[in-house]
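Student: Coordinates for the following, if possible.
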Amino acid sequence: MLTRLIILVLLCLFPSVIFAQVRSIPAVKITTPIKIDGNLEDEGWKSIESTGDFITISPVFGKISTRNTKVKIAYDNTAIYVGAYMYDHPSNIRKQLTARDVLDRQDVDIFTVGFDTYHDKQNGFVFKVSSANVQADLKISQSGTSNGGVVYDNSWDAVWESKTSIKEDGWVAEIKIPLSAIRFSKKDLQDWGINFARFTRKENENSVWNAINPNVSGELNQWGVWTGLNNISPPTRLSFLPYLSGGFRTSPTAKGSVTEFLRSGGMDVKYGINESFTLDMTLIPDFAQVQSDNVLLNLSPFEVKFDDYRPFFTEGTELFNKAGLFYSRRIGAAPGLSSTVLNNYGDKPGYKIDKNPGITRLYNATKFSGRTKGNLGIGVFNAVSAAMYAKITDLMTNTDTSILTEPLTNYNIIVLDQALKNRSSVSFTNTNVLRKGNTRNANVSSVDLSLFDKKNNHNFSLSGRYSNIWGKQVNKSGFTTSAGFGKVSGIIQYRASLNIESDKYDPNDLGFILNNNSFDYSGNIGYIMNKPTRHFLIHSYKLSFTNTYLYKPFVWSSFQMNASAFFLFKNFWDATISFQSSPTWNKDYFVHSNVYTGYFLRRTPYYYLGINGSSDSRKKLFVSWKLGAAESPLPNDPYWNGNLGLRYRFNDKFQLSTSMDIVQDKGNWGAVKKSDGSLVLNPDGSPVISRRNLKTNTAIVSGQYNFTSRMNVNFRLRHYWSYLDNTNFYNLKTDGYWRDTTFLNNLNLNFNTFNVDMFFTWDFLLGSRLTIAWKNALGGNAIINPYSNTSYFKNFGKAVDNPHSNEITVKVVYFLDYLKMRRRK
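Tutor: You can find the predicted model right below:
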């Protein structure tokens, strides 16, 4: 009886002992490379001891994993070798084929290994492989205070090798990571942070080798240690990615279809200057084969921010965006005067636009980045874009005129990021944009400080930025500063922040802000319970507020509060209830312009209540949904929105997804815009305001078929429709209220976009890829009458019937590794 009691006590204490201490594993250096075949039968593995005893993170933290896992790891001067045996019954192993880097919420089991090569608890490299041998990789960095200061860069892709196999008592993952794929300091003897993880889809269980407490801020600071790496002599890190692409594009015009043949060639170069620093270059980059933008009807005076899908500008750029000053879409964007040319000459009698490029061509782009052994991160970025010209023909005189739409431009970023103790850091960032002709140049500098206490419970952040714009067009300088303090670990977390932006601060030549001229303070508090209760696996509650003023003149603008509650049920369904309110009349000083002009609109108080959730994603049919409604004191002013998403997995190779998002706002207020986007103004320059009924529908259908872990085809169809019906027109009074004015006809708007993107991708060799792309889009000159087409299905039919542009391209990228070429020679 006493023996059983002792065993029971030890079993209860075992998890506490495991995750109360930092685990370590000694580094083993081998002299003969291990063959990667997914079997762990190579002679090199036999002398290496395994480790295991994984602890769960979710759905319940701190338990012994329900599945046994054994991991072996070794290294030599060229690579790191990881072998993992995940014990399980073969019928329990989920092995859906997916695209590379697409593993979340898929029907797969996953093994993960991560390295904190500088052991600074702030920067890491993570490699994942599914039971179907689909790879995913990402970089982890420390930046800011949200999400515990952790930033995950899933766009980063490395070239590494993996093989998996299914056994009678589980599955095996064998991984080889070249040292050229990661960066580390130059020391004779090193310790790295390390962790292993296993995800078992059947139970939705995520377990790790060194425990990670979800209520403790950060992740890398909770990893174990790989001790005693010695005398690493990495080989030359030099690789080339030459590419060739070709195809054609047909575009509808008022005078018929125009066909354009596309051809391009270039190369990416990656050179490891040493084991810590890497130089990346792209020469004559080609970015045609990327997903189409989610274009929408923009009724605000603010710019719409789009995601960037171009690999060179998203991979490994976390250091360059430490201060949030790098919006990569600025590089290679539409020429600044291309829309002016279209407006001035598109419908002008006697003139013809022969050429008006819609994107700015890049000559090259370069990234230099890495960390010293003193943990100073250094990053230098440079890109040069070509001068772009439009060509106009005068049909009366038969003469051609070239119009400069974008000058030759040089973009630069410099970052110095010093990692400090306890996950703290201080960084300096400078962005610089120089344009030929001195039309408009820009320089922005930033200093950012983030401090965590020794116990990792609290964080203090402080930042200051200064912008300077000069040139023939404009000269101005401005600043912004912010400070925040909060509790970042524990069941109860909170934060208070202050942010000031002057009326002339402008980082938008290479960064992004909606508007400046603001002074706001905010606060939030959250209760986060990661321990299961009777009904929930996880539940959390959050409350926040923001109070905003103009910076100049210093006048009050708005107050907003938010509350939310999240529940993860024991059947892995989830639900979120959210409440948002602006309980008083606000003053909108940016009703028609993104700079303060003196006019403002009083916006009504409102109250919004919404609920959204999703079903168990392990099932073949996965459902997500959302429903919300808002009301204000004004009569006939309802707002509601809804979303329904469905995903069905037919088998391990094929799945389809669809979603429909609907927004109905019968009390939408704003400045009146014409169909060309220009404002309707009164003679005194004040904006005409309208109350309108706004309906927006967004339908998306996507599908993926995976032939193998390296070959797949996917498509995405998106139809966006927004219909604006003006019901009343008003002139603004000086107090922000309004008075009726003459009803203006023919100002209703009917906006449609329709896109189909289809990509066939085949990674035929490590790092080498063949891509065939088809892109279809609704023609830019399509006009759908807003008065006779007021329903979604009518607009969908018209969008399909109208002329579309089509583009088909083929691109081949071939990975050349200097070491392999030298061995062959």
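Student: Thr340 should be in a helix, yeah?
Tutor: Yes - applying DSSP: H, G, I helix; E, B strand; the rest coil, one finds Thr340 inside a helix.
Student: check contacts around the residue positioned nearest the centre of the chain.
Tutor: Nearest to the geometric centre of the chain sits Asp307, at 6.8 Å (CA atoms, centre = their mean). Asp307 makes contact with Asp293, Asn294, according to CB atoms under 8 Å, 6 or more residues apart in numbering. (Glycine included, C-beta is placed from N, CA and C.)
Student: go again using 10 Å as the cut-off
Tutor: Val290, Gln291, Asp293, Asn294, Thr314, Ser328, Arg329 (CB atoms under 10 Å, 6 or more residues apart in numbering).
Student: where exactly do the strands run in the stretch 1-150 of the chain?
Tutor: Applying DSSP state E, counting those that start in this stretch to the stretch 1-150 of the chain gives strands spanning 24-26, 55-58, 69-75, 79-87, 110-116, 124-130, 135-142, 150-153.
Student: so can I have JSON lines of those showing mean pLDDT and distance to Val701?
Tutor: Listed next are the strands of the stretch 1-150 of the chain as JSON lines, based on pLDDT from 0 to 100; distance: least, CB to CB, whole Å:
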{"stretch": "strand 24-26", "mean pLDDT": "95", "distance to Val701": "47"}
{"stretch": "strand 55-58", "mean pLDDT": "95", "distance to Val701": "31"}
{"stretch": "strand 69-75", "mean pLDDT": "96", "distance to Val701": "39"}
{"stretch": "strand 79-87", "mean pLDDT": "96", "distance to Val701": "35"}
{"stretch": "strand 110-116", "mean pLDDT": "97", "distance to Val701": "27"}
{"stretch": "strand 124-130", "mean pLDDT": "96", "distance to Val701": "25"}
{"stretch": "strand 135-142", "mean pLDDT": "91", "distance to Val701": "25"}
{"stretch": "strand 150-153", "mean pLDDT": "86", "distance to Val701": "28"}
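Student: Now render those strands as CSV, adding distance to Asn651 and mean neighbour count.
Tutor: Shown next, in CSV, are the strands of the stretch 1-150 of the chain (distance: least, CB to CB, whole Å; neighbours: other CB atoms under 10 Å):
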stretch, distance to Asn651, mean neighbour count
strand 24-26, 39, 16
strand 55-58, 27, 21
strand 69-75, 27, 20
strand 79-87, 23, 22
strand 110-116, 19, 23
strand 124-130, 16, 24
strand 135-142, 21, 22
strand 150-153, 30, 17
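Student: which stretches of the stretch 701-825 of the chain have low pLDDT?
Tutor: Where the stretch 701-825 of the chain drops to pLDDT under 70, the residues are 779-782, 825.
Student: just the strands in it please.
Tutor: 711-732, 738-740, 749-765, 768-778, 804-813, 816-817.
Student: for the ones you listed, which one sits closest to Tyr345?
Tutor: strand 804-813 (20.6 Å; CB to CB).
Student: Run me through the strand neighbours of that closest one, direction for each.
Tutor: According to DSSP bridges, strand 804-813 has the following sheet partners: strand 237-253 (antiparallel), strand 768-778 (antiparallel).
Student: Just the buried residues of the longest one, please?
Tutor: Buried positions in strand 237-253, judged by neighbour count with 16 or more other CB atoms under 10 Å: Arg237, Leu238, Ser239, Leu241, Tyr243, Ser245, Gly247, Arg249, Ser251, Pro252.
Student: The fifth one - nearest residue in space that isn't next to it in sequence?
Tutor: Just to be clear, that refers to Tyr243. Here the nearest residue to Tyr243 in space, its sequence neighbours aside, is Val813; by CB to CB, 6 or more residues apart in numbering that works out to 4.5 Å.
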